[in-house]
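**Student:** Just the structure for this:
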Amino acid sequence: MEFTALRLFGFAISAALQFFLLTFIRRNRKLEKLEILFLSLIACLFCWNFANFLLELFERTASPLSNVLLSFVVAPAAFGVLAFLPPLLLHIHLVFQLRVLPKPVIPVSRALEWALYLPLIVLPVAIADFLPNYQPSKSILAISKFSGPYAVWFSFALLVSAFFEWRMLRQSQKREDRALFGILLTLFLIVMSLVVYTYFIQDQDALEPGRPLETVLMLWSVVPSALLGYFIFRHNFLEIAIQRSFGYPIAIVILLLAYLVSVRYLPDYLNETPNEVVQAGMILVLLPLLPPLRRWIDHSIDNLFSREIDRFEKLASGLDEISRSTVDLNQLLRLTEEKLRKELNIKSIRLTVNGETGETAGTLARNQNSERILLQKGDLSLGAMLVEGHNATVPSEQQAALRYVIPHIVAAIETCRLVEGKIQLERELAERTRLASLGQMAATVAHNIKNPLSSIKTIIQLMQEDGDLTIKYGQDLSLITGEIDRLTESVTQLLRFSKPTVTSSAAIDLAVVLEKIHHIFGPDAERRNIRLDLQLSEKPLKVRGSEEILLEVFQNLFVNALEVSKQNNAVMVRASTTGSIKQRRVVVQVEDEGPGVPEKIQPKVFMPFFTTKQKGTGLGLAVVQRRVMDLGGEVTCVSPISAKGGTRFEVTLPLVEG
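**Tutor:** A predicted model of the protein is given here:
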């Protein structure tokens, strides 16, 4: 039988390589679909090569037990695994295209995936036909009557796989991936051509054991196996983490196999050379290869690690540039998501920050198709990262990269928050300065107007005491008095606006204040057929301030709500608590069923002197906002609150003890 040494060496090397790929590929989590398919193909190739190695090694054995094992176990196993190669090749390429190609060539569905394995239905029949026809002198590739149909099926799988490799070669951006796709494309086309030539053009003698074409077809899997091992080892292909020790056993096995095959077959060609001399010579030849081989393995692993570290550092540097380019937290999160998705080839990624975005870490945990990585700084959790891979699960290497950049993301979020806080503080200081200047001017104007108004009103009152003037000008004098009163009220509001808020360290019960205001406005609301409803979640509601300030705040809101309400409308006032035990706050909602506040003027409702009323001063809500801010709270306007309109003013104040 020709090429015996080559076949033994080829089967042994292939089986050893595939065995180490199966055992040294390190995974600390559940494998995703592509990885399962990839490892299944390696397992099939290992069974094929190891079984043929045993058949080749024990071909001339005379032991009955070994003959039975070879004929009824090893040979059928080698024949059977061939049936799994075409569907696995097609399935791997169907799934892998989803990772590489922006738009899949063929949409992947569960029905299509199952359809790939339908031809395996005839496998039991094919094995039943194989068993009585098996002879060690015949090639496994030509024993069964199913060999021809299998050759067609296998050629089709190779052709489709080559097409996918061509499409991925055109779309891939990485140089090393392009090299791999190009080599596999060439290999698949060559093997397909050999299969077609051997089975359908050349005569069947080409498939006799030991013939060149038969040997090539039996050993062709060693090339893609070695190629994948090299790209995984050198370029971390598919981002599969392999231990450093992977290269050492492979190198030792290759040298050992070379030694065994040499000492077995070299003496046949060197008839006058003793076996001991051949063995010693091979040891002297192979030993000097160990140090440079080890140095090459170490150098390759170090280069791989260096490239991965450089990749991570480049990614972190890109995130730092993003953090320096924006001070808006939402924009920072979106840019970071896009950067990570593109650089790490992730299907989707979502960042959320506690208290800043609508989603929380608990919300993210409910997504079963994604993995959640917390954004933590020590024991403090700032938010979470929701990551979804192309096949639902996220490879551990991508998770490692994400965890590597988490400190940079956390630092960027904290920096953005600090800058946002500084900008907000500067805006508040500028607004307070503007309001203080405006208040000082209003106080000056008010004082200059109030005194003349008082004098004018006194003169009018004296004129009204004159009977003749009252008869002749009574209506005009009453009109003047009313306008003077209106101007006086406006001046009073100006003085109130200019007056600084004098906060008190004492605690006052807000519930009592609200009940008092409800009692004051209750009769007026009843007279106008408006329902005024007050709901208190609990009592007392202790807040910092004074009764005068709180009355001023909520009286303005009550007045506004009643003014825009019509008959049979309702004004709802609710007070409830929120927040943690250490930072409890009370939220008071004053809600009406009026026409609502148009969206375009909502940002202006708290601006001084802005009003939509014909005789309003535009200072009521400005006073409310100023007083609430001085008390450490905030006030917001929500409108509309229903399809019919309505407005809700929410005042939030910190609660205090005592």
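
**Student:** use CA for all of it now, contacts and neighbours both
**Tutor:** OK.

**Student:** Might you list the low-confidence residue ranges for the stretch 51-200 of the chain?
**Tutor:** Filtered on pLDDT under 70, the stretch 51-200 of the chain yields the residue ranges 59-63, 66.

**Student:** burial count for the closest residue to L8 other than its chain neighbours?
**Tutor:** Spatially, and ignoring its direct neighbours in sequence, L8 is nearest to F53 (5.9 Å; C-alpha to C-alpha, 6 or more residues apart in numbering). Per other C-alpha atoms under 10 Å, the neighbour tally for F53 reads 22.

**Student:** same check, this time on Y197
**Tutor:** So Y197, with other C-alpha under 10 Å, has 14 neighbours.

**Student:** Is K145 in a helix, a strand, or coil?
**Tutor:** coil (DSSP: H, G, I helix; E, B strand; the rest coil).

**Student:** Assign the residue nearest to L8 to helix, strand or coil.
**Tutor:** Assignment for F53 (three-state DSSP): helix.

**Student:** I508 looks like it's in a strand, true?
**Tutor:** Yes - I508 forms part of a strand when assessed by three-state DSSP.

**Student:** That one and L479, how far apart?
**Tutor:** 42 Å (C-alpha to C-alpha, to the nearest Å).

**Student:** which ones are touching the residue nearest to L8?
**Tutor:** The contact partners of F53, taken as C-alpha atoms under 8 Å, 6 or more residues apart in numbering, are 7-8, 11-12.

**Student:** again, only using 10 Å
**Tutor:** For F53, the contact set (C-alpha atoms under 10 Å, 6 or more residues apart in numbering) comprises 7-15, 47, 59, 74.

**Student:** From those residues, keep the buried residues only.
**Tutor:** Buried members of the contacts of F53, scored by 16 or more other C-alpha atoms under 10 Å, are 7-15, 47, 74.

**Student:** Let's see which of the residues you listed end up in helices.
**Tutor:** Residues of the buried ones among the contacts of F53 located in helices (DSSP state H): 7-15, 47.

**Student:** So for the strand or helix carrying L217, what gets flagged as buried?
**Tutor:** Using DSSP states H and E, L217 maps to helix 212-219. Neighbour-count burial for helix 212-219, counted by 16+ other C-alpha under 10 Å, picks out 213-215, 217-219.

**Student:** could those residues go into JSON lines alongside distance to G80?
**Tutor:** Converted to JSON lines, these look like this (distance: C-alpha to C-alpha, whole Å):
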{"residue": "L213", "distance to G80": "21"}
{"residue": "E214", "distance to G80": "18"}
{"residue": "T215", "distance to G80": "19"}
{"residue": "L217", "distance to G80": "16"}
{"residue": "M218", "distance to G80": "14"}
{"residue": "L219", "distance to G80": "17"}
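
**Student:** from the residues you listed, which single one is nearest M192?
**Tutor:** Taking C-alpha to C-alpha as the measure, L217 is the one of those closest to M192, at 10.0 Å.

**Student:** if I look at that closest one, how far off is R627?
**Tutor:** Counting by C-alpha to C-alpha, the separation of L217 from R627 is 88 Å.

**Student:** Likewise for F181?
**Tutor:** Between F181 and R627 the distance is 70 Å, computed by C-alpha to C-alpha.

**Student:** More neighbours: these two, which one.
**Tutor:** Neighbours were counted for F181 and for R627 using other C-alpha under 10 Å; R627 has more, 24 against 20.

**Student:** Tell me how far that one lies from Q583.
**Tutor:** Applying C-alpha to C-alpha, the value for R627 to Q583 is 20 Å.

**Student:** just L82 next, same as before
**Tutor:** 69 Å.

**Student:** again with I549
**Tutor:** Distance of I549 to Q583, computed by C-alpha to C-alpha: 22 Å.

**Student:** With neighbour numbers in mind, choose between those two.
**Tutor:** The neighbour comparison of I549 against Q583 (other C-alpha under 10 Å) goes to I549, with 18 against 10.

**Student:** still on that earlier bit, what's the spacing between the residue nearest to L8 and L402?
**Tutor:** F53 sits 44 Å away from L402, taking C-alpha to C-alpha as the criterion.

**Student:** Can you report how many residues lie near the residue nearest to L120 when sequence neighbours are not counted?
**Tutor:** Once flanking residues are discounted, L120 sits nearest to A83: 6.7 Å by C-alpha to C-alpha, 6+ apart. By the measure other C-alpha under 10 Å, the count of residues near A83 is 20.

**Student:** And I106, by the same measure?
**Tutor:** Neighbourhood size, I106 [other C-alpha under 10 Å]: 12.

**Student:** that's a helix at it, yeah?
**Tutor:** No - using three-state DSSP, the assignment for I106 is coil, not a helix.

**Student:** Which residues lie in contact with the residue nearest to it when sequence neighbours are not counted in this structure?
**Tutor:** Nearest non-adjacent residue to I106, counting by C-alpha to C-alpha, 6+ apart: L94, 7.3 Å away. Going by C-alpha under 10 Å, 6+ apart, L94 touches 34, 88, 104-109, 112-113, 160-161, 164.

**Student:** Would you mind listing which of those residues are buried?
**Tutor:** Here, 16+ other C-alpha under 10 Å leaves 34, 88, 104, 113, 160-161, 164 buried among the contacts of L94.

**Student:** out of those residues, who's nearest S455?
**Tutor:** Relative to S455, the closest of the buried ones among the contacts of L94 is P104; by C-alpha to C-alpha it sits at 87.5 Å.

**Student:** Backbone dihedrals for that closest one, please?
**Tutor:** Main-chain dihedrals, P104, degrees, to the nearest 10: phi -60, psi 140.

**Student:** my read: it touches L98, true?
**Tutor:** Yes - P104 is in contact with L98 according to C-alpha atoms under 10 Å; the separation is 5.8 Å.

**Student:** Could you measure from the nearest residue to Q171 once chain neighbours are set aside over to E35?
**Tutor:** Closest residue in space to Q171, ignoring its immediate chain neighbours: L101 at 6.4 Å, by C-alpha to C-alpha, 6+ apart. Remark: distance between L101 and E35 (C-alpha to C-alpha) = 18 Å.

**Student:** Equivalent analysis for L335, please.
**Tutor:** Taking C-alpha to C-alpha, one finds L335 at 30 Å from E35.
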